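Colleague: need coordinates for the following:
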Amino acid sequence: EVNHVFNVNPLHGTLDNIDINKVYDVILANINRNILLRSAEKLYALLKPGGIILLSGILKEDMEMVENAYVEIGMLKTDFLEENQWACIQFIKN
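Modeller: Below you'll find the predicted structure:
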């Protein structure tokens, strides 16, 4: 609303309380490494082809492990950010 963007329908929740029968254009997942790894295939299934997922809450030392897991299931890493000991990785679903 602040930016006058009205074609966005944000949902907040966990994988247990969102509609798993839908697919999404963008997913933001700010969780720890273990949950991101455990949830990789579910998150992949919820993303539209060409959709973007941003994974954050990752320690820099765990970034390669998370990246490898998501690339292995078919995601394409397109960008990343690092700040202090934290990392955020952006993927696109092929």
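Colleague: the helices in this structure, which residues?
Modeller: Secondary structure of the chain (DSSP state H): helices at 33-38, 40-46, 63-72.
Colleague: any chance of a markdown table for these, columns mean pLDDT?
Modeller: Formatted as a markdown table, the helices of the chain follow (pLDDT from 0 to 100):
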| stretch | mean pLDDT |
| --- | --- |
| helix 33-38 | 95 |
| helix 40-46 | 96 |
| helix 63-72 | 97 |
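Colleague: so which of the ones you listed gets nearest K22?
Modeller: helix 40-46 (7.5 Å; C-beta to C-beta). In this view, the C-beta of every residue, glycine as well, is placed from N, C-alpha and C.
Colleague: by contact count, what packs against the closest one?
Modeller: strand 24-30, helix 63-72 (3 or more C-beta pairs under 8 Å, 6 or more residues apart in numbering; DSSP states H and E).
Colleague: residues making contact with the shortest one?
Modeller: What it means is strand 24-30. For strand 24-30, contacts defined as C-beta atoms under 8 Å, 6 or more residues apart in numbering pick out 11, 36, 39, 43, 46-48, 51-57.
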